[in-house]
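Novice: A structural model of the following input is requested.
(chains A and B)
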Amino acid sequence: MIIMKTNIKIKIQALITGVLILFGTSCSDFLEQTDPSYLTAETYFRTIDHAEAVLNSVYAGLRDGLGGAYGGGPWLMTEMATTLADTDLGQAENSYSIRNLANTQDNDYGEAHWSNKYRAIGNANLAIKYIPEVEVSEEDEDLRDKYLAEAKFLRAYYYYELVRMFGGVPIIDEPIDLESEDFLPVRTEVADVYDLIVQDLTEAEATFDAQDLPFNDASGRVSRGAIKTMLSSVYLTMAGYPLQLGTPYYTLAADKAKEVIDEGAYSLFNSYNDLHDPAMKNTGENIFSVQYDAVITANPFQPHLIPYNGNISSYSQQTGAIRANEDFIAAYVPGDLRAEEKQFYYTTFTDKDNRDSTVNCGGHWLWKHFDEAANLGDPQSDLNWNIHRYAEVLLIYAEAANEVSANPGADAYNAVNDIRTRANLADIAGLTKDQFREAVWKEKWFELSFENKTWYDMVRIRKALDVTTGNFVDFIGYHPPYLPAGTALSARELVFPIPYTELQNNPNLEPNEDYAK
Amino acid sequence: MKKILTILLLFLTVSVFAQTRNITGKVNDSSGNPLPGVTVLVKGSTIGVITDANGNYSLTNVPSNATLVFSFVGMQKQEITVGTQSTISVTMVAEAVGLDEVVVIGYGTVKKSDLTGSVGSASGEKLQERPTTGIAQAIAGRVSGASIVQNSGRPGGETRIRIRGITSISLDNTPLFVVDGVILPTTTTIASNGNVSGLQSGTTPIDYINPNDIASIEVLKDASATAIYGARAANGVVLVTTKRGSKSGAKVSYDTYYSLGVMTRKMDVLNSAEFLMIEEEAYKNAEKFDATGWASGTKYIDPLTKRTDPRLFNPDGTPIYDTDWQDEVTQNAFTQNHQLSITGGGEGGSYGAFLGYQDEQGLMKVSWMKRYSARFVVDTDINKWLKVGGNLSYNNQYERLINFGWVGRNMIEGLPIIPVKYPDGTWANNRDYPGMEGGPNSIQVGEEYENYVKTHTILGNAFANITLAEGLEFRTNIGVSSISQLQDDFSPTGIAFVGANQNGIAHKGSQTFLSWQFENYLTYNKTIADIHSFTAMLGTSWQEDTREAYDVSVWDWSDNFYKTNNLEAGANYRPPTSNKRAETINSYFGRLNYSLMNKYLLTVTGRWDGSSKFGADYRWGFFPSAALAWRVSEEEFLSGSSVISNLKLRTSYGETGNANIPPYLNQQGLLTSYSYVFDGALQNGIGIANSMANTALKWERSIQYDAGVEIGLFKGRIAIEADIYKKEISDMLFNAPVPNTTGFPGGAFQNIGNMENEGLELVLNTVNISNGDLSWETSFNISMNRNKVTALHEDADINQGNVRISVGEPIGNLIGWVNLGTWGEDEVAEAQAANANWTSGDMKLKDIDGDTLITVDDMTVIGNGLPKGYGSLINTIRYKNLELVVDIQFMYGNDMMWLTTRPQRNRQGIANSLAEVLDAWTPDNQDTYIPQWRPTGAGYDNRNTSSMIYDGSFIRGRNLLLAYNFSSDKLRKIDVQKLRVYATVQNFFLITEYPGYDPEASTQGVAFNFGQVNFQQYPRPTVFMVGMNLSF
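Specialist: Have a look, this model is predicted:
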């Protein structure tokens, strides 16, 4: 009995000791766990494929803000601010408050732009930091440099949007973590942001020029033409408000635009329908666009272009989020093709349940972004969103060249008249410098309407198109006819408010004047 | 041991006494069930016997002047003088405080009387009074300090358990569940939008345990009790002990019930005439709110001109239909439940087999749940020093879920003028009436959208118990838990807003949680000279939890035939997704229980936990606790008291931890979902993650102080247990927002601040009447908790959605604007000064910052969803074989933010509204909070205001039960041990000011987001049930 007990004891003790030793020693490994689903920056970024993947994430940010349904969408922000747009979407308070000049810091559109663009910049910073470090074969060196240049172009684009929307935003040019100095950044001067933009763009341009890459790129990537076009747009803006750098920058803008024009890689479409024909993606007039694909990533903004519950489309969501103010349509001169039915705008469409029957849509909706195939058939749109098209280059050139010469030159006239000819309008000729300037502006307003361009131009020239007279008047003090008497654009509307949550989360951030208490 | 002793005594009895009488009898419990194992002792002697499996006993040679003492754990002792009787049958009544009752604590058990910590417990028998689908619902009201909110009336339910308030603002406040010693895995994780997600419909692993399998549940509340689970115990611990076999012979039990759930509360919405009238009036107001739109002549269309569709309108323009969508969408829900168990055993061990089947219909049409469960348990005494046993359970739950976003919404917003189907059998749709918002027909989406979830759970453990020496035991336990969930959902091509844009979507997803655990511990018991008694325990634990998931979606279907059964038949493939994660925990723990003269009790525990979720420098945490108790009633000066039968004072201090956060937060991963298209081809993109990593992340700590008193009066007829506590939580883990300039919209987990909970719990159990035929017992409990945030990073507020967290305030403050009604006709100038969009008839909000403009700076705290108190009052009356239970539940002091009102109060003429909009502003009715009717296109205000806040206090008739226990004498003739039939009504009344379906719910996902309810609330039925418990 006693012997047996002892045996048991020995056995058990051995067991316990064995168990404890076995597990006690392996415990340090036992608690080491790394994420099997996601790589970390330290372990990634080794090959040219990695460089390409991180660059793609910077491109992906281009899509942000173009979607949305009954809440509206961030891309409407700079349209509602023109005072030329209307909405039937009662829920979209964010649109109403901007349109009614009653915008506040908590506007979701502004929050989304801020957040989306800084996220894209975060990706660009990753790309710009790590792409130079990837190991490549000699033959891939050019490709690596091109990827880096593309990332710089895209970072410049995001900052260009931010600085125009919000003013001197914080400059973040490195990946951020909790320990970073710029975790709670301060705002910078507007000029410093433009310096970064110009630096990134000119570096990108240098790489593309050095590699003698083509001006256009049918796959939808950044091209030499895209870089130069954006540079001309940036220089034009720097020449105007708020930096007012004047003549040297008009010269730069004109030169860059001229380079694009002279290359002959782009041309105006003969038909306005080509502007929203998916078959014409990345060709002809289209210089740089946000890429969509009906099967993979469908264009998300179609529901915004459909009259509110108008039952004209195969899309379930028909939000009526944006249409043109009727007084803006009325401001087009008679005979301007662009204002005619189904050129830039539409007022009727067929009934979804009976395509032989016509629905009166009750206003001018945006035909220039309307994907007819998707609205009639499978509601998956293949259409891209244009960031830069050739018509804008012509108009940048015309305006900038006029500013740096005593009188408008022949090339400037040609640029504007190409646009007018397509709109069935007579050529302009014999104008003074001041008359020509206004003529270009008008062309820009009527040609590039609802393409997220007009408000930036309004701020740049501090002018608004008075839709009742058809003339340009000072931005500050302009009274849009749809608003109650006494309501007018003020200096406040030259910039959007720094978003409320960002101010909450970053005590170092100063709000934009007049939006704070 | 006791048994052997008794048998030994029996032999002695036979040999010593010679000239006396023989006595036989039967011992029943108060329900009439035979009670085996009752000790029957001749008072003042060592003569005695125990009752057999049928409750029978016989004693021989009992002196006629003797007194028999009947005793049983948890029952009141009874003394009966023998006199001339030869048959003495006794009904034992449960002791209100079962001081000898054994309570399960982590890694051991202890007698209730020796407990130093605060532990609430409920027996399986009590739980059976109110059969439920889930364990959490079963505990509701049974334990003080545990708030159990049934968050959905959906079959299968979704229940939120909070023990002693909110301990964490991080992911999860769900306590740790331990089933037969196996810690259930944490299944929650965080989605990119910050919402908590995990198992489908917000369920947790405990929801898949068959409540019928429970023998007892213990809720560990204070730190002395919970600290043995260390780092994961901050939210409290729920220990579930499942039923096992019995050594007293074979037994078959069959339990069944049938129930019918009925919709009892409806929301008041507009009927057809009202809806059309408001549409007309709104149209007339368009000019006032949108003069230019009105002037265009095309933006607004006179509704009277639209009412021409002969399917919907009579020739005179009056509506043909007046559909009540709430009636259409809901049904009387039939449920049946069958549970069969076979248990048995003998000296060498025991076994049990448990089978269950439940078929539950949802109150909302087409939703249902079926559950099949099986469990097998075995305990074997291999020899004197070795016991082995194990437990294996399998549960298969099959559910059909509804598309709540649309069915739930359109049961309120569906137009009354639209039928479900037209006479020709085609589905009607809101858009059939021009200008309407659309959205699918609730019944169509209910029937045609198919969403099935299958959940397989396996829970098993095997243990060996080795007696090394007297008082020294070693136990090793291996547990495995596996939860596998498969989702199949198909949105057919024809339903607008659901699958129409994508021309049909088939989705198949799977997630598997696998968790194993290996624990070893030594326990040593020793009593020295009847004065010092101690139990020491030392152990180790290893645990690994993994989750693997994949998801596939295919769009664009040529036919609705295939559903999810042939994904390759679809035309457009979304990129599939998959994910894997793992976390490990290694622990060392120990506990010492010391008792001095059975009066002074001390418990000291400590646990070291290491978790893979933290970086190497922050990985280990030590969580100690200590508790003292004084059994005052054992002191000389109280020993003879006829009033105080039990008095215990206890106090404890301890630390516990919380790490209910996703794994890998200390590593900065790269997100892979940045694909882009070039040339019509998808290109993968890799970039920054949603959330920022934090390499310095560490445990959240909770320090808890507790003081309690237990009082038993008049031989336990009145039992009071009261506790006060304070819980200080520091280094709170929180996914705090970071500036968006960092590029991380998902924020970063940080140890963000401190919080405290103070509370009081009171349990009062009384036996009001107790005589042979009639007994009446009352059980009352109330818990009160006050929460306060004491520190935040830089003391800055945290805003998330409608909730604001501020220092000095309780968690869960609901924020919004203070609604002062509407602007009057004489206030147009003020209205426009406040907001350029406003005029008379618009919402009037309070200007908090005094700058006349109404902006975000005028938002303030308008409510709080935390209750001030909650509890229950349960009365149990037995008369002979009849039993009546009245179970009342209450909660008070909590606000509800009824988000439903935003779409359903502010938008007339495009969807249906709540009937309260009839009280809208008009020049003749300016004293109202409902803004003037207008077409939505004319603009309206859609903010969160105080007019959406309701008092969420309620009193609910949780359960009304009437049961009949057939007398055992009659049953014995047909070899039946027990037959009980019962009928219950659950949720039999509800008194509340809250106008929505049920105040006991929150539809928002974030951990601290209480009291916010939108249209996605599954209504809760009143349930009528009849059932039977049979065993033989």
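Novice: tell me the mean pLDDT for stretch B:757-776?
Specialist: Taken as a whole, stretch B:757-776 has an average pLDDT of 90.
Novice: just the buried residues of that stretch, please?
Specialist: Of the residues in stretch B:757-776, those buried by neighbour count under the rule 16 or more other Cβ atoms under 10 Å in any protein chain shown are B:757-767, B:770, B:775. In this view, the C-beta of every residue, glycine as well, is placed from N, C-alpha and C.
Novice: and what of stretch B:889-909?
Specialist: Of the residues in stretch B:889-909, B:889-892, B:894-909 count as buried by neighbour count, 16+ other Cβ under 10 Å.
Novice: again with stretch A:193-202
Specialist: Under 16+ other Cβ under 10 Å, the buried positions of stretch A:193-202 are A:V193, A:Y194, A:L196, A:I197, A:V198, A:D200, A:L201, A:T202.
Novice: before we move on, which element is the closest residue to chain B within the stretch 101-250 of chain A in?
Specialist: Closest approach of the stretch 101-250 of chain A to chain B (Cβ to the nearest Cβ) occurs at A:G122, with a separation of 2.2 Å. Using DSSP states H and E, A:G122 falls within helix A:108-130.
Novice: show the subsequent helix or strand relative to that helix.
Specialist: As the chain continues past helix A:108-130, the following element, by DSSP H and E, is helix A:141-166.
Novice: can you pull the buried residues of that next one?
Specialist: Neighbour-count burial for helix A:141-166, with 16+ other Cβ under 10 Å as criterion, is recorded at A:144-166.
Novice: got it, and stretch B:579-593?
Specialist: Applying a neighbour-count criterion of 16+ other Cβ under 10 Å, the buried positions in stretch B:579-593 are B:581-593.
Novice: nearest to B:Q667, of these?
Specialist: Sorting these by distance to B:Q667 puts B:R581 at the head of the list, at 11.5 Å, by Cβ to Cβ.
Novice: just name the shakiest helix or strand of chain A by mean pLDDT.
Specialist: Taking mean pLDDT, DSSP states H and E as the measure, helix A:2-30 is the helix or strand of chain A with the lowest mean score, a mean of 57.
Novice: how much space between B:W776 and chain A?
Specialist: Applying Cβ to the nearest Cβ, to the nearest Å, one obtains 53 Å for the distance of B:W776 from chain A.
Novice: so which strand or helix has that residue?
Specialist: Under the assignment given by DSSP H and E, the secondary-structure element containing B:W776 is strand B:774-792.
Novice: elements contacting that strand?
Specialist: Applying 3 or more Cβ pairs under 8 Å, 6 or more residues apart in numbering or on different chains; DSSP states H and E, we find strand B:774-792 packed against strand B:753-770, strand B:869-879.
Novice: the shortest one: partners in the sheet, and parallel or antiparallel?
Specialist: Paired with strand B:869-879 in the same sheet, following DSSP bridges, are strand B:774-792 (antiparallel), strand B:882-892 (antiparallel).
Novice: again, but for the longest one
Specialist: Applying DSSP bridges, strand B:753-770 is found paired with strand B:718-730 (antiparallel), strand B:774-792 (antiparallel).
Novice: of all those strands, which one comes closest to B:I402?
Specialist: Of all the strands paired with strand B:753-770, strand B:774-792 comes closest under Cβ to Cβ, at 34.1 Å.
Novice: is chain A within reach of the next helix or strand after that closest one?
Specialist: Heading C-terminal from strand B:774-792, the first helix or strand you meet, by DSSP H and E, is strand B:798-800. Yes: using Cβ under 8 Å from any Cβ of the partner chain as the criterion, contacts between strand B:798-800 and chain A involve B:N799.
Novice: partners of the next helix or strand after strand B:798-800 in the sheet?
Specialist: Heading C-terminal from strand B:798-800, the first helix or strand you meet, by DSSP H and E, is strand B:803-805. Within its sheet, strand B:803-805 is paired with strand B:798-800 (antiparallel), strand B:813-816 (antiparallel), according to DSSP bridges.
Novice: in terms of pLDDT, where does residue 169 sit?
Specialist: Picked chain A for this. A:V169 is assigned 98 on the pLDDT scale.
Novice: that's the wrong chain, I meant chain B
Specialist: Here, the pLDDT recorded for B:I169 equals 70.
Novice: one more: A:R46?
Specialist: Model confidence at A:R46, given as pLDDT, is 92.
Novice: flag the shaky bits of chain A, pLDDT-wise.
Specialist: A:1-28, A:517 (pLDDT under 70).
Novice: where does the stretch 201-350 of chain A come near chain B, residue by residue?
Specialist: Going by Cβ under 8 Å from any Cβ, the residues of the stretch 201-350 of chain A near chain B are A:218-221, A:291-293, A:295-297, A:308-309, A:311, A:314-318, A:320, A:326.
Novice: understood, closing this out.
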